[in-house]
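1. Provided below are the primary sequence and the corresponding predicted coordinates.
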Amino acid sequence: MSTHKIAIVAMQGVQLLDVIGPSDVFAEANRQSGFDYYSVEVVSVSGNPVRGSSGLALIADHLIDDEPSRFDTLLVAGDPLIQERTLPDAFLRWVKEVTSNASRFGSVCSGAFVLGEAGLLNGRRATTHWSQASEFAKRFPEVKLESNRIFTKDGNVWTSAGVTAGIDLALAIVEQDLGLDIALKVARELVVFLKRPGGQTQFSTLLAGQVAQKTPIRVAQDFIADNLSADLTVAALAKRVGMSERNFSRQFKQEVHMTPAEYVESLRLESGRRLAEDSSIPLKKIATDIGFNDDVAFRRSFARRFGTSPAAYRRSFGS
């Protein structure tokens, strides 16, 4: 197995966790696999050391002015003030050159603005930090912004939401490269979530981040995520957590901001969408695996939520 070279680009003022989070995931993947598969280097845009937004600094391995290197994966880390900064033309040219030779590239948090300015996200699906999504959409109307996603994969382009979502993105990369078993071991060691509704799809934060704080509702959410094909009616869920149906429904809506039925359908559809995108499982089997009675009900719900059929979605975005 050959070494996979990763470059993480850090600008002055970078959110350091955007760099350190993914780096630790890749380092732990090496440890769990017993092989130094990943080689991670930090590349500074201007100056060394790189002073982060917290005031702490890190030493970069290279400057973009150094002799050009070839990387297998390029990730651009975010900067909380990136909307106010002018990105140097030389930097954007460097990003275009490196990504043209990379097998995969992407961003963490607001690093998506760099890829957007370089024109590398046009016609692609992407995400960024929720607080900067509105400005991103204005600046880059040709990008298909998915503002409620933890991370988005469109072909060989990976973008993630704010800060800790870079860990989610890195775990998904590890899973693709080294398999689910290694990714799970990394997640356990780092004490982060790697939830897979239906045994297939990753969620570190369920949907739009609406995870309940109170124990009974959280127990219900965890059960739903891990058992999408089970009986997930209000009656069944309320019985599981020892609550009356009426109290369960009321408390669930209060904490999660969705009814139980809306929440179950959302998880099922998100799981179905991801399976249609990332697997070759027949759509009829996906429908039953994620809890729909048949593929007709799945197609109707999918079209209502995403504006297209599962088959058309797979043709457009399937890997």
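-> Perfect, I can see it now. Residues are numbered from 1 along each chain as shown.

2. my guess is residue 40 is in a strand, correct?
-> Yes: Residue 40 forms part of a strand when assessed by DSSP: H, G, I helix; E, B strand; the rest coil.

3. Report the contact partners of it.
-> When contacts are counted by C-beta atoms under 8 Å, 6 or more residues apart in numbering, residue 40 touches 6-8, 22-23, 26-27. Quick note: C-beta positions are derived from backbone N, CA and C, even for glycine.

4. Save these as a markdown table, and put in pLDDT and neighbour count too.
-> Putting those into a markdown table (pLDDT from 0 to 100; neighbours: other C-beta atoms under 10 Å) gives the following:
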| residue | pLDDT | neighbour count |
| --- | --- | --- |
| 6 | 96 | 22 |
| 7 | 95 | 24 |
| 8 | 96 | 28 |
| 22 | 95 | 28 |
| 23 | 96 | 21 |
| 26 | 97 | 22 |
| 27 | 97 | 14 |
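
5. In TSV, list the residues you listed along with secondary structure and distance to residue 230.
-> Formatted as TSV, the contacts of residue 40 follow (DSSP: H, G, I helix; E, B strand; the rest coil; distance: C-beta to C-beta, whole Å):
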residue	secondary structure	distance to residue 230
6	strand	39
7	strand	43
8	strand	40
22	helix	34
23	helix	38
26	helix	35
27	helix	37
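
6. Quick check: of those residues, which lies closest to residue 264?
-> Of all the contacts of residue 40, the one with the least separation from residue 264 (C-beta to C-beta) is residue 22, at 31.9 Å.

7. Could I get the full set of strands for the chain?
-> 4-10, 38-44, 50-51, 57-58, 62-63, 73-76, 104-107, 125-126, 144-145, 151-154, 157-160 (DSSP state E).

8. one step back: save the contacts of residue 40 as CSV, and put in distance to residue 114 too.
-> CSV is the format used below for the contacts of residue 40 (distance: C-beta to C-beta, whole Å):
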residue, distance to residue 114
6, 16
7, 13
8, 12
22, 16
23, 18
26, 20
27, 24
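
9. for the stretch 201-319 of the chain, what are the low-confidence residue spans?
-> Applying pLDDT under 70 to the stretch 201-319 of the chain picks out residues 201-214, 317-319.

10. make it 90
-> 201-219, 221-222, 225-226, 254-258, 266-267, 270-271, 273-280, 304-308, 312-319 (pLDDT under 90).

11. The closest residue to residue 26 other than its chain neighbours and residue 182: what is the separation?
-> Distances taken as C-beta to C-beta, 6 or more residues apart in numbering place residue 38 nearest to residue 26, at 4.0 Å, with adjacent residues excluded. Distance, residue 38 to residue 182, by C-beta to C-beta, to the nearest Å: 11 Å.

12. higher neighbour count, these two?
-> Set side by side, residue 38 and residue 182 show more neighbours around residue 38, with 25 against 21, by other C-beta atoms under 10 Å.

13. Pairing partners for the more buried one in the sheet, please.
-> Bridge pairing for residue 38 (DSSP bridges) gives the partners residue 4.

14. could you pull out the helices for the stretch 151-300 of the chain?
-> Ranges of helices in the stretch 151-300 of the chain, per DSSP state H, counting those that start in this stretch, are 165-178, 180-190, 215-226, 234-240, 245-256, 260-278, 283-289, 295-306.

15. Point out the most buried one among those helices.
-> helix 165-178 (a mean of 24; mean count of other C-beta atoms under 10 Å).

16. And for that one, what's in contact with it?
-> Contacts of helix 165-178 (C-beta under 8 Å, 6+ apart): 4, 17-18, 21-22, 24-26, 29, 33, 37, 73, 75, 77, 104, 106, 108-109, 150-151, 153, 158-160, 182-183, 186-187, 190, 192, 194, 202, 204-205.

17. do that again at 7 Å, thanks
-> 4, 18, 21-22, 25-26, 29, 33, 37, 106, 108-109, 150-151, 158, 160, 182-183, 186-187, 192, 194, 202, 204 (C-beta atoms under 7 Å, 6 or more residues apart in numbering).

18. And for stretch 10-27?
-> Contacts for stretch 10-27 (C-beta under 7 Å, 6+ apart): 6, 8, 38, 40, 42-47, 50-54, 56, 58, 60, 75, 77-81, 108-109, 111, 163-164, 166-167, 169-171, 174, 186, 190.
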